[in-house]
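Q: Build me a model:
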Amino acid sequence: MKIGNREIGLGHRPYLIAEMSGNHNQSLERALEIVDAAARSGADAIKLQTYTADTMTLNIRAPGFVIEDEASLWAGRQLYELYQEAHTPWEWHEPIMERAASHGLHCFSTPFDDTATDFLMSLDVPAFKIASFECTDLPLIRKVASTGRPMIVSTGMATLAEIDDAVRTARVAGCKDIVLLKCTSTYPATPENTNVRTIPHLREAFPGCDVGLSDHTMGCGAAAAAVAHGAVLIEKHFTLSRADGGVDSAFSLEPDEFGQLRVETERTWQALGTVSYGVRPAEEK
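A: So this is what the prediction gives:
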């Protein structure tokens, strides 16, 4: 498959997505700086999220609308306020995409409803991302698939049957190119909970789909392991500096770290090679 003019698959260097999410800290200038830094760090794409607080939740403080998990990064936060802080204003999308294009980066987004999907199509995005928690939102998947653009689908906590529903729905609605991402829905995630051995199983379970990793761990070890198990795409949250704060900063890579991700995932892909015994040309001397 292709995103734009970039081929994605086992025969190509892993495709790297820098997820901006809410790390712009409600500053367009910072958002553009993130795009510049992602390009310098070797990303292939910058990804946004397209929603408003009103399209995601209700502005009330009641059980179910406040994060009660004391271990959460966002413990005690009202969902509406959190989404307000994290969302990317829709009027920023075009200048962010123009800045990305100036670097040769792809820029696309995660829609969370039909209005976001229509808005992103008006900007001619080259692909769509489906978030883990929307993997079971079959009406949204049907809407996005009907655009005919490639879909990258995080699987999060979805069961194998739920992933099957999503893939079947997307294909019936017209999407031919699907990448399924193994994802652990904890923030940050630990290596022990990453389970990259799921990646070859996903590829076997869904012929015709490429497979990758949406990675919330720190560092690049899990991503390199995923490439060794056949991941063709890696998504990582990206920020200028974790010290600057922000809703996703605690599990985001800084530019130097993302640069190392580019180096190590490419080395891992190169090292896979083929089954080989005996004397190789490089060894003849």
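Q: Does Glu204 belong to a helix, a strand or coil?
A: helix (DSSP: H, G, I helix; E, B strand; the rest coil).
Q: What of the one 4 residues further on?
A: Look at Gly208: counting by three-state DSSP, its state is coil.
Q: What of the one 4 residues further on?
A: On the three-state scheme (three-state DSSP), Gly212 is labelled strand.
Q: Please name the bridge partners of the residue nearest to it when sequence neighbours are not counted.
A: Spatially, and ignoring its direct neighbours in sequence, Gly212 is nearest to Leu233 (3.2 Å; Cβ to Cβ, 6 or more residues apart in numbering). In short, each C-beta sits where N, CA and C put it, glycine included. The partner list for Leu233 in beta bridges (DSSP bridges) reads Tyr15.
Q: Leu233 reaches Leu181, doesn't it?
A: Yes: using Cβ atoms under 8 Å, Leu233 is in contact with Leu181, at 7.0 Å.
Q: tell me how far the ends of stretch 209-220 are from each other?
A: 24 Å (Cα to Cα, to the nearest Å).
Q: Give the rounded mean pLDDT of that stretch.
A: For stretch 209-220, mean pLDDT rounds to 96.
Q: Can you point out the buried residues in it?
A: For stretch 209-220, the neighbour count (16 or more other Cβ atoms under 10 Å) marks 209-218, 220 as buried.
Q: And the contacts of the strand or helix carrying Pro200?
A: According to DSSP states H and E, Pro200 maps onto helix 198-205. By Cβ atoms under 8 Å, 6 or more residues apart in numbering, the residues outside helix 198-205 that reach it are 155, 160, 163-164, 180, 182, 209-213, 226, 229-231.
Q: Relative to the whole chain's centre, how far out is it?
A: With Cα atoms, centre = their mean, to the nearest Å as the basis, helix 198-205 stands 18 Å off its chain's centre.
Q: Can you name the next helix or strand after the helix or strand containing Thr117?
A: For Thr117, the host element (DSSP H and E) is helix 114-122. Next helix or strand after helix 114-122 toward the C-terminus (DSSP H and E): strand 128-130.
Q: Can you list the helices and strands that the following helix or strand past that following strand packs against?
A: Counting by DSSP H and E, the next helix or strand C-terminal to strand 128-130 is helix 138-145. Using 3 or more Cβ pairs under 8 Å, 6 or more residues apart in numbering; DSSP states H and E, the elements in contact with helix 138-145 are helix 114-122, strand 128-130, strand 151-154, helix 160-173.
Q: Show me the one of the ones you listed that comes nearest Glu266.
A: Among those, the nearest to Glu266 by Cβ to Cβ is strand 151-154 (19.7 Å).
Q: what ranges do the strands span in the chain?
A: 2-3, 6-7, 15-19, 45-50, 106-111, 128-130, 151-154, 178-183, 210-215, 233-237 (DSSP state E).
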